[in-house]
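**Student:** Sequence below, structure please.
(one chain, ligands or ions: 1)
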Amino acid sequence: RLSERMLKGLVTQANREFANSNLYLSMSLWFQDREFPGSAQWCRTHSEEERRHGLMIFDHIVKRRAKGALVQAIPTQPFNFHAPSDIWKSALEEEQKNSIAILDLVAQAREENDFTTDNFLQWFVKEQLEEESAVDDILTNAKEIEKTKGLYREYDSKVVYKEH
Ligand code: OFO
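**Tutor:** Have a look, this model is predicted:
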């Protein structure tokens, strides 16, 4: 059985995934408004991925026969970006915070000898590594383009979401 503390941690994490899903959706709309279809599509697909992650966590909770999982209201985040690199910087920060939250949950699972949850979370550990590195690459390129006053619009077509 999941401990009360583990249940609480997983519910918080599932809701964090949903919040991130909304954040990426807002980012997608920002890119859409400025006619950057590649980046808009990347963020849209990623928004769907994050939602799927939240659902995976709820499924784990249900399989463990734990009760009391809740979908929480998601507050609107301040959204004031001026350039593509602002968006990618913020996305990277969010992914880094998310990685820390997942590693904290892994530590907690091990502390409680909950190796089932530990095993379940390992998928997320791997996923975060991929995501951080993908966003970091895009951020590096976006910054470079802005520094050299190059055309982000041309780069945009190369921002393609790769399934991993
Ligand atoms: Fe950033 O992918 Fe979910 O956990």
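**Student:** What parts of this structure come near the ligand?
**Tutor:** Within reach of the ligand by C-beta under 6 Å from any ligand atom, the chain has these residues: 17, 50, 53, 95, 98, 124, 127-128, 131. Backbone N, C-alpha and C define where each C-beta goes, glycine included.
**Student:** Would you reformat these as TSV and include secondary structure, neighbour count and pLDDT?
**Tutor:** Below are the residues of the chain next to the ligand laid out as TSV (DSSP: H, G, I helix; E, B strand; the rest coil; neighbours: other C-beta atoms under 10 Å; pLDDT from 0 to 100):
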residue	secondary structure	neighbour count	pLDDT
E17	helix	22	97
E50	helix	22	97
H53	helix	23	98
E95	helix	22	97
N98	helix	22	98
F124	helix	22	98
E127	helix	17	96
Q128	helix	19	97
E131	helix	23	96
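**Student:** Could you measure from L7 over to T116?
**Tutor:** Relative to T116, L7 is positioned 13 Å away (C-beta to C-beta, to the nearest Å).
**Student:** ditto for F58
**Tutor:** For F58 relative to T116 (C-beta to C-beta), the value is 16 Å.
**Student:** more crowded one of those two?
**Tutor:** Ranked by neighbour count (other C-beta atoms under 10 Å), F58 and T116 place F58 first, with 18 against 14.
**Student:** you'd agree F79 is up against S28?
**Tutor:** No - counting by C-beta atoms under 8 Å, F79 stays clear of S28, with 11.9 Å between them.
**Student:** Since that was my last question, I'll sign off now.
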